[in-house]
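>>> Quick one, fold the following:
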Amino acid sequence: MEKVYIAIKNSAFIKLVIIAVVMDTVFGLVRAFRQKKLNSSVGIDGGIRKISMLVSIVFTAAVDVIVHVNFIGFIPVEIRNYFPPNIQELGLAEFFAILYLTYEIVSILKNMTLCGLPVKKMWDMVQNFLRKYTNELPDTLEEDRKKGEL
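Coordinates of the predicted model:
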């Protein structure tokens with residue numbers, strides 16, 4: 001278990017996921033107070049999602065300790081160019097951490113927009129990117145648009 005703790009402690013990506021989960025929760029709380037209702041960031045579904053992300057990172061870090069696999073090849077070179085030069089390997093935990101981090105950043109931007117912070121243009125760029133390149137949009141996005149919240 002000590003090796004798993006060290007793997008988690010030494011991973012910048014996992015630390016960023018933890019920070020993003022906390023940020024998303026804080027902005028989700030602010031949004032909930034502003035709208036006077038729970039939302040996907042602070043309700044039971046959001047809590048389950050966040051806990052599941054963190055638990056899965058712990059388990060994938062344990063797998064990384066047992067089986068050493070390098071997933072750096074799955075990350076496009078254009079994205080890897082933004083990584084610090086010392087990152088030459090990407091274990092399973094870091095690979096999932098990048099996916100979770102991406103999801104949390106989208107959720108943070110959505111919550112910031114719905115809290116009234118001046119990030120609307122950035123949020124619109126993210127939405128357009130998601131529409132263009134994926135079939136995935138953050139949960140409740142279309143419902144929020146219909147209600148006039150976005």
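>>> so where's this protein shaky on pLDDT?
133, 136-150 (pLDDT under 70).
>>> mind listing the helices for this structure?
2-9, 12-35, 44-66, 77-80, 92-114, 120-133, 141-147 (DSSP state H).
>>> for the ones you listed, which one sits closest to Asn86?
For the helices of the chain, the distance to Asn86 is smallest for helix 12-35, at 9.5 Å, taking C-beta to C-beta. All C-beta atoms are positioned from the backbone trio N, CA, C, and that covers glycine.
>>> Next, the angle helix 2-9 makes with the closest one.
Orientation of helix 12-35 against helix 2-9 (axes from the mean of the first three to the mean of the last three C-alpha atoms, to 10 degrees) gives an angle of 60 degrees.
>>> ok, residues contacting helix 12-35?
Helix 12-35 is contacted from outside by 8, 38-42, 46, 50, 53-54, 57, 61, 84, 87, 93-94, 97-98, 100-101, 104-105, 107-108, 111-112, 114-116, 149, using C-beta atoms under 8 Å, 6 or more residues apart in numbering.
>>> Kindly report the same for stretch 84-96.
Applying C-beta under 8 Å, 6+ apart, the contact partners of stretch 84-96 are 7-8, 11-14, 56-57, 60-61, 63-64, 68-72, 74-75, 98.
>>> can we see that at 10 Å?
Stretch 84-96 is contacted by residues 4, 7-8, 11-14, 17, 53, 56-65, 67-75, 80, 83, 97-98, 101 when judged by C-beta atoms under 10 Å, 6 or more residues apart in numbering.
>>> Would you check that Leu114 makes contact with Asn39?
Yes: if you go by C-beta atoms under 10 Å, Leu114 and Asn39 touch, sitting 8.0 Å apart.
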